[in-house]
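A.B. asks: Structure, please.
(chains A, B, C, D, E and F)
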There are 6 protein chains.
Amino acid sequence: MPSVPKKIVTLGEIMMRLSPPGHQRFVQADAFEANYGGGEANVAVALSNYGLQTSFVSKVPDNALGQAAINHLRQFGVDTQHVARGGDRLGLYFLETGAGVRASQVIYDRAGSAISQVQVDEFDFDAIFDGADWFHTSGITPGISDEGAELTFAALKAAKAKGITISVDINYRKKLWSKEKASQIMPEVCEYADVCLGADDTIGFPVAELNDGEFNPDAYKKAFEDLKNRYGFKYITSTIRKSHSASDNSISALIYDGTDIHQAKQYNVRIVDRVGTGDSYASGLIYGLITGMPAADANEFGIAAAALKHTIPGDTNHATVAEVLTLMGGDASGKVQR
Amino acid sequence: MPSVPKKIVTLGEIMMRLSPPGHQRFVQADAFEANYGGGEANVAVALSNYGLQTSFVSKVPDNALGQAAINHLRQFGVDTQHVARGGDRLGLYFLETGAGVRASQVIYDRAGSAISQVQVDEFDFDAIFDGADWFHTSGITPGISDEGAELTFAALKAAKAKGITISVDINYRKKLWSKEKASQIMPEVCEYADVCLGADDTIGFPVAELNDGEFNPDAYKKAFEDLKNRYGFKYITSTIRKSHSASDNSISALIYDGTDIHQAKQYNVRIVDRVGTGDSYASGLIYGLITGMPAADANEFGIAAAALKHTIPGDTNHATVAEVLTLMGGDASGKVQR
Amino acid sequence: MPSVPKKIVTLGEIMMRLSPPGHQRFVQADAFEANYGGGEANVAVALSNYGLQTSFVSKVPDNALGQAAINHLRQFGVDTQHVARGGDRLGLYFLETGAGVRASQVIYDRAGSAISQVQVDEFDFDAIFDGADWFHTSGITPGISDEGAELTFAALKAAKAKGITISVDINYRKKLWSKEKASQIMPEVCEYADVCLGADDTIGFPVAELNDGEFNPDAYKKAFEDLKNRYGFKYITSTIRKSHSASDNSISALIYDGTDIHQAKQYNVRIVDRVGTGDSYASGLIYGLITGMPAADANEFGIAAAALKHTIPGDTNHATVAEVLTLMGGDASGKVQR
Amino acid sequence: MPSVPKKIVTLGEIMMRLSPPGHQRFVQADAFEANYGGGEANVAVALSNYGLQTSFVSKVPDNALGQAAINHLRQFGVDTQHVARGGDRLGLYFLETGAGVRASQVIYDRAGSAISQVQVDEFDFDAIFDGADWFHTSGITPGISDEGAELTFAALKAAKAKGITISVDINYRKKLWSKEKASQIMPEVCEYADVCLGADDTIGFPVAELNDGEFNPDAYKKAFEDLKNRYGFKYITSTIRKSHSASDNSISALIYDGTDIHQAKQYNVRIVDRVGTGDSYASGLIYGLITGMPAADANEFGIAAAALKHTIPGDTNHATVAEVLTLMGGDASGKVQR
Amino acid sequence: MPSVPKKIVTLGEIMMRLSPPGHQRFVQADAFEANYGGGEANVAVALSNYGLQTSFVSKVPDNALGQAAINHLRQFGVDTQHVARGGDRLGLYFLETGAGVRASQVIYDRAGSAISQVQVDEFDFDAIFDGADWFHTSGITPGISDEGAELTFAALKAAKAKGITISVDINYRKKLWSKEKASQIMPEVCEYADVCLGADDTIGFPVAELNDGEFNPDAYKKAFEDLKNRYGFKYITSTIRKSHSASDNSISALIYDGTDIHQAKQYNVRIVDRVGTGDSYASGLIYGLITGMPAADANEFGIAAAALKHTIPGDTNHATVAEVLTLMGGDASGKVQR
Amino acid sequence: MPSVPKKIVTLGEIMMRLSPPGHQRFVQADAFEANYGGGEANVAVALSNYGLQTSFVSKVPDNALGQAAINHLRQFGVDTQHVARGGDRLGLYFLETGAGVRASQVIYDRAGSAISQVQVDEFDFDAIFDGADWFHTSGITPGISDEGAELTFAALKAAKAKGITISVDINYRKKLWSKEKASQIMPEVCEYADVCLGADDTIGFPVAELNDGEFNPDAYKKAFEDLKNRYGFKYITSTIRKSHSASDNSISALIYDGTDIHQAKQYNVRIVDRVGTGDSYASGLIYGLITGMPAADANEFGIAAAALKHTIPGDTNHATVAEVLTLMGGDASGKVQR
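C.D. replies: Alright, predicted model coming up:
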């Protein structure tokens, strides 16, 4: 842990997640386990668990459910003073956990949530970014509503003006907006970003073609260079996942540092909870970069963190830096620690 | 149970109800128990449990949560063939169960639910009311949205045209609509009704004044007569509740049969679940009237049913006719039945 | 605890009890809490918890469920070496826990259980009663089947032959056998008994008449004397229960010592679990008598033990001697012990 | 889903299933999860979930547990008006869920259940088969008791008389009856059947020899032809299972259409719940055939449905037609659906 | 809530609390519900829930359990930057929840906990009390160990030096230290205090005698005056509890403002969780005084807060200011809030 | 089961084990599942489950938690009359269950436990070893405290004097004592032992070197011979584990019978609960040897027992002899037993 911890700001939605116990299907459920999460909230929690200072920017309703979402973040040390209160409801999503040949199912119920009705003047970006080293957001908030997009751009501008490093996770969700609309907005978002995660065709990265067939380093390199040239990214990353079943996946990740591509080790992961693993990669990568690791190491840290997240229930990663480093160092034996 | 069971149709919303286990507060909950309910759905389930034929008219989303709501109703024998499928989401409500000096709390999250977006032409009222003896609805659906109000009026007209007995539970909910709007719509609803439950000032019944101080039979009689004269009701009922605490209440009910007021026995109830007890009164009353009990007995049946419901978790009553009759007959000793 | 602990043998059925969590009704249950109990098994466990030596005589099937029943008894120190193994199935009963005006419900599913098919020669009564000071059984086993009755008589004879004190709890259960048959068998059982609990009309004690109206000491005394004269009982007891609701009862007990009637203190009890409270009285009474308390004190110990049992989930009492003595001594304040 | 849904009638027992949570052994259990199932009931539920009309013929006791079994079926849309009420008890079975090298254990407790005491005249087969397209039953009910066998034959005759397609799952259970008795009864049952599932040596199919060693198409074909010639079956199926451990199996299935054998794709399945997977194959096969799929496709649909069932807790399949088709179409990746 | 929130510092131990579910006894428990609490930690959480700034001073072990204790505090907004990390173990206590005539039981397992091994130089009191308005501690920490006493005095001195208001809850625990030792240390602690809660004979307040018999205002006044004269307290409070049973208590409280005694309303409370109710009174009182309420009102706020806490599971109060004010204003009806 | 069951005495600590449900991390837990275990206690329970007589020697506190630990042992038939009562607390350990790449975590909280404060004169070794055939202990108790070591030596001497076979499981735990101290004490312990399990470098067995690289029978033989020559062991065993992940291991074991090394079959195990699997090997080995199996078979029995334990939650094995023999005989298919 650095002696003066770095400070990261993330902006996004925090939702209540409701999932039937074990592998029950929705139609079998008499109870739901409650968690709280959302891409950027998950990044804030994980970075806080790594010992960094974090602040989350969002909006939740002024009722006990909104308070519970805030409490979830505070529990893990995330600063929530810049979460606005108001609006009609807390966004929800329902998650059914698959196994083997049966995929997990998500039912979003986030329309009309507090953050979809947000106003830029509810936030004081001078205060928010005071002392911040990094700002992270994603393509989700711009996809939620026009108000969400406005808020995103306001934050990006404020962060840029202060010279803060900016990372963006593209994270296109087809249930939120059309590919057409995303292809208009996300390139503009990318103009502000130093680090790009999850690049896809909404910003001109042919990810589907690249993953069609064997890994082709040259094709990847060309595509990364194109992105770099277009948006000025310092780092571009792309995770690689082979989904053998809902219970077993293999994962790795690529990072492009403007010159070279580095591929991380591949992990075979037994899945306890698949949701939020991309956010765990993102937070691991940010941790690596912000604490000065070389790009290849930050990428390794990110994917090892993601591998651990697959074994942890809930949206958020509760691995420690030491645990990630141990796994990254090669010990995946899972021997009892006593 | 009658040899040819009577058939009752009810119309309303069915919601998923999410409640923290035991007496946890919302901010303490890591899991929610899931139930399904709503005023008119509760009435249908209770009447089905009494051995009558019931059909529920509503709309739920075309996803697994909507299916789960339908399954809940089918489980207890309610016919759901007239529940339309579509719309954006299932209405939800969150319930925190109080105790002693701490009141239970409800957070509604039903805006934008499937039934709020309903269209009249999604329903075939000829088929719905085929063979029906009774139609029951309430002031909730008209309060949800203009579409809900239109659906309510369409159903009332169709039922009236077929000469079906109609009951309406006023059930004013201030979080749904203003008293002004309710005072415009509900009198019109009452024009169709034969039986009026839960009369209040939105239809000109000064319930607050009547309950201010000692029970005044003359004042009540005057008020009942006014209502009868204005709307042509055959029966008017009014439940009387003394809330000693969130754990202990005393309940009774009045029925006016156009001539006399009959007051039911008073029950001291230990509260396991307070929600849906009014609907239990309604379904008990309907059961009594439709099976030919005198008004006073039907009222007794209704309030005994409501007393039992206070001890049953969830929105819906699962007492049998025999159990209600036993309690109504005077055995409230709670001795183990073995 | 006495320096050389007394040894008590009890004979009866042990069943698996399955109850829906909390106050759910059977039709709402997706899970059942499992306990093990039965009148005489409950007595053995409670006496073992009081520090006495106990042995239970019964029969359970030779499968994992029979083993689980034995394990339950062993857990609390009951000697199970005289539980025979074999037969078709473990007796079960389902318990729905009422509240307030709603009574608890029991569904027995014990037909064809191992003990109903028992043979006398499966047991070595010489070994069973070796060193025993007391034998306790009830009217349940004779009611289960003719084989159960034969086993009971064989045990009574063997105990009598060894001069062991014998107590019998009449415990008439109308779902097991007719009053006619019980009235033939139970008087014969009583011929062996020194202590009679739960006397009723099957043995000529007009308990219903005696409890009809105010407590009439003279009538009670006359009835006790009649019983004593007929069967030669040394002690006769009768518990008195006022069932205000399924949540609140008042309890007391009478003991007749051949000369006088002593009435125990009355306790107002909040009910967590009503089942097995009579067995708790029986075991408390036996504890008192076997450790040399005067009859009046043994009766007080019994009813205080029963009062505590109302607050403990499951069939069996887990109060300690110290706790019973504290309550018996007058401290019913329920103050936190820390 | 077909515009006029087909109607399938199934006949059999429905039992309560009680299983310790997770991988607990019976001797560790303090609670049991409750489900309801039985071969033919499972088929009815799955076909109802596929959008077809289903009716279940059985008998359950006239108590709350019998009601709960009926409610389970109604919940998923199965018509239960032809379930008779009466008899002594609901059949039960206890299931301990194994893992890895430890097999799951079943303890049946179904002797004396309501259906074992059934009388043919409790059922109106004219009404039962009115409008029905298919009748499905198995070798379980004839094995339960002579009354069960009589009921089965009465139903088979009535269905045959109406020209309804009949399928029989041989499903020999050694704890119910001897191989000798089954070998007398089951061939007679097969005389009525158009489709035979799970053929074994009780009807002259040498399944053990056929599965001893490598798959031998010629030997299989010969055996299928023999069966066809003997009983006149239109289709004969045989599932193929390799049990690597209690956690991982591989499954496939053969169908013989009177001319050719078609082998379905093999699935490697991670096991959440192994029980009822054969019934899922049966219901998938029936769905395929009744909706007009070629035999090979119906067989593929059946085995894909069975593969999905391995991941779903409880006896019954809650996969949708769309989900089965997706898996059948080759997507076994288990990627989160959002 | 004040526009510039007041800041309160509390110092004490935070323990993990483990309690069997519902009313199970320790010997019946297969699981324990985990909460975190301790007198001064509970005060910090409640005041944070009221919208004030709070900081907790303590020490927890540098492992995941210590982290979990910190997370519990952070969840409700308590600043934990001044919680030292180290030492051998987290203090624990086990709580068995009584009912009716059965008292709750506490087994402390706090010997050797991190805070018992604390060193004064692990804390920077200048930073801790920077901007603080109030310091609250109790007689527990001095009772834990000599190191605990030293820490307490160091904090009291530092707070006094900064002119911060100091409250002390005497809270004598006989399992921690002897009355003799407490009577040496606590008077010295009181020298620093402005507000004294829970005065008892360790500081010369004859609380047992005062509560023996009817409330005697003169005797109380005399005793309060004596304390005031001896220690210079500005306010002295004393709660009054009548323990009818483990399920029902009546509570009130006295405050002496240096001139007059004010007695608060009496509440009849149904008990969900008795632990931490004294701390809820303390936090309510502090809230009232620090926000400028007259002493009588602060006392009313405190006792209303305590009444609400009886209905909330866990050690800590999660009532809002609005809820306390509503109860204080007279609405104890427990009507559903919807 | 042998007709006169052998009697085994084991000596050690029994702790309460607290584990978050499923795969939750410590910081996510709101409840802990409670089990009781400890190396030698686990051996006693498993041997009792195999039908042998067992007695456990230990010390637990004289409170309800100590009683619960005793009850756990009694439940499975272990004689606990030689468990002393007293001391300050029950030892605890917290277990977080890993999965895949995430290792399980243990936090011990056993300092100051009852057995660490034990006195030799609290035990009557003449009575303890009366009729005993075998004594088993391990390197844990000597590591707990000097008192623990003294108790161990006193027991070893008493057993040796009576000519009882002695087995010792080295079981070095670095959190209990230094390797230096263990290397002084354990060789002395081994002087008493006939059977040595888990040999390591504290007694001069270079287990790390031996397992570095491919299995080298010659090197192993040499090392076994050295041990035998030094300590006079009759049998020496060594388990071999390949930890692929926290979810999947492969296990086998070697036994040296003074002449030859026998290697048991290797099992691929799916892990439900990893803790106590070494104790399951030990108890299986002892069962084999004490019932007269050849060393190679006893070793096979031990490792098959260990394989089964990986699938059973809790510290203790609940496999039966028949189940172990079935697995040992080659059936690892995990097919449902019905």
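A.B. asks: who are the neighbours in contact with A:Leu151?
C.D. replies: Residues counted as contacts of A:Leu151 (Cβ atoms under 8 Å, 6 or more residues apart in numbering or on different chains) are A:11, A:115, A:118, A:120, A:123, A:141. For the C-beta atoms, the positions are set from N, CA and C on the backbone; glycine is no exception.
A.B. asks: Could you pull up the residues touching A:Leu11?
C.D. replies: A:40, A:56-58, A:135-137, A:141, A:151-152, A:155.
A.B. asks: and it, what are its bridge partners?
C.D. replies: A:Val57 (DSSP bridges).
A.B. asks: mind checking how far it is from A:Ala132?
C.D. replies: 11 Å (Cβ to Cβ, to the nearest Å).
A.B. asks: now do A:Gly204
C.D. replies: From A:Gly204 to A:Ala132 the distance is 29 Å (Cβ to Cβ).
A.B. asks: And these two? Which one has more around it.
C.D. replies: Per other Cβ atoms under 10 Å in any protein chain shown, whichever of A:Gly204 and A:Ala132 has more neighbours is A:Ala132, with 19 against 16.
A.B. asks: what sits against the more buried one?
C.D. replies: A:7-9, A:55, A:159, A:162, A:164.
A.B. asks: now A:Val120
C.D. replies: Contacts of A:Val120 by Cβ under 8 Å, 6+ apart are A:150-151, A:154.
A.B. asks: please redo it, this time with the cut-off set to 10 Å
C.D. replies: Neighbouring residues of A:Val120 by Cβ atoms under 10 Å, 6 or more residues apart in numbering or on different chains: A:147, A:150-155, A:158.
A.B. asks: A:Leu90 now?
C.D. replies: Per Cβ under 10 Å, 6+ apart, neighbours of A:Leu90: A:13-16, A:36, A:59-61, A:63-69, A:109-110, A:113-115, B:94, B:107, B:109.
A.B. asks: Now with 7 Å, please.
C.D. replies: A:15-16, A:60-61, A:65-66, A:69, A:113-114 (Cβ atoms under 7 Å, 6 or more residues apart in numbering or on different chains).
A.B. asks: A:Lys7 now?
C.D. replies: Contacts of A:Lys7 by Cβ under 7 Å, 6+ apart are A:53, A:131-133.
A.B. asks: closest to chain B among those?
C.D. replies: Checking the contacts of A:Lys7 against chain B by Cβ to the nearest Cβ gives A:Gln53 as the nearest, at 24.6 Å.
A.B. asks: I'd like to know how far the closest residue in space to the closest one that isn't next to it in sequence sits from chain B.
C.D. replies: Among residues not flanking A:Gln53 along the chain, A:Lys7 sits closest, at 4.0 Å (Cβ to Cβ, 6 or more residues apart in numbering or on different chains). Distance of A:Lys7 to chain B, given as Cβ to the nearest Cβ, to the nearest Å: 27 Å.
A.B. asks: Per-residue pLDDT of A:Lys7, please?
C.D. replies: In this model, A:Lys7 is scored at 97, pLDDT.
A.B. asks: can you check A:Glu225 too?
C.D. replies: 97.
A.B. asks: still on that earlier bit, give me the subset of the contacts of A:Lys7 that lies in helices.
C.D. replies: Nothing among the contacts of A:Lys7 maps onto helices, per DSSP state H.
A.B. asks: from those residues, which would you call buried?
C.D. replies: A:53, A:132-133 (16 or more other Cβ atoms under 10 Å in any protein chain shown).
A.B. asks: Of those, just say which sits nearest to chain E.
C.D. replies: A:Gln53 (11.4 Å).
A.B. asks: so of the contacts of A:Leu90, which ones are in strands?
C.D. replies: Applying DSSP state E to these, the entries found in strands are A:15-16, A:60.
A.B. asks: Sketch out the low-pLDDT regions of chain A for me.
C.D. replies: Along chain A, the parts satisfying pLDDT under 70 run over A:1-4.
A.B. asks: picking up where we left off before, closest one of the contacts of A:Lys7 to C:Ser280?
C.D. replies: A:Gln53 (58.9 Å; Cβ to Cβ).
A.B. asks: For the stretch 151-300 of chain A, which residues are neighbours of chain E?
C.D. replies: Proximity of the stretch 151-300 of chain A to chain E, by Cβ under 7 Å from any Cβ of the partner chain, involves no residues.
A.B. asks: Which single residue in the stretch 151-300 of chain A comes nearest to chain C?
C.D. replies: For the stretch 151-300 of chain A, Cβ to the nearest Cβ, closest residue to chain C: A:Val272, 22.8 Å.
A.B. asks: do the same with the stretch 51-200 of chain A
C.D. replies: For the stretch 51-200 of chain A, Cβ to the nearest Cβ, closest residue to chain C: A:Glu96, 16.9 Å.
A.B. asks: bridging residues for that residue?
C.D. replies: Going by DSSP bridges, A:Glu96 forms beta bridges with A:Gln105.
A.B. asks: Correct me if wrong: it contacts A:Leu18.
C.D. replies: No: at 10.0 Å, A:Glu96 does not count as touching A:Leu18 under the criterion of Cβ atoms under 7 Å.
A.B. asks: Next, name the residue at the spatial heart of chain A.
C.D. replies: Nearest to the geometric centre of chain A sits A:Asp279, at 2.9 Å (Cα atoms, centre = their mean).
A.B. asks: And it, how far from D:Val336?
C.D. replies: Look at A:Asp279 and D:Val336: by Cβ to Cβ, they are 13 Å apart.
A.B. asks: ranges for the helices of chain A?
C.D. replies: Going by DSSP H, chain A shows helices at A:39-49, A:64-75, A:125-128, A:140-144, A:146-161, A:179-190, A:207-210, A:217-231, A:277-290, A:295-309, A:321-328.
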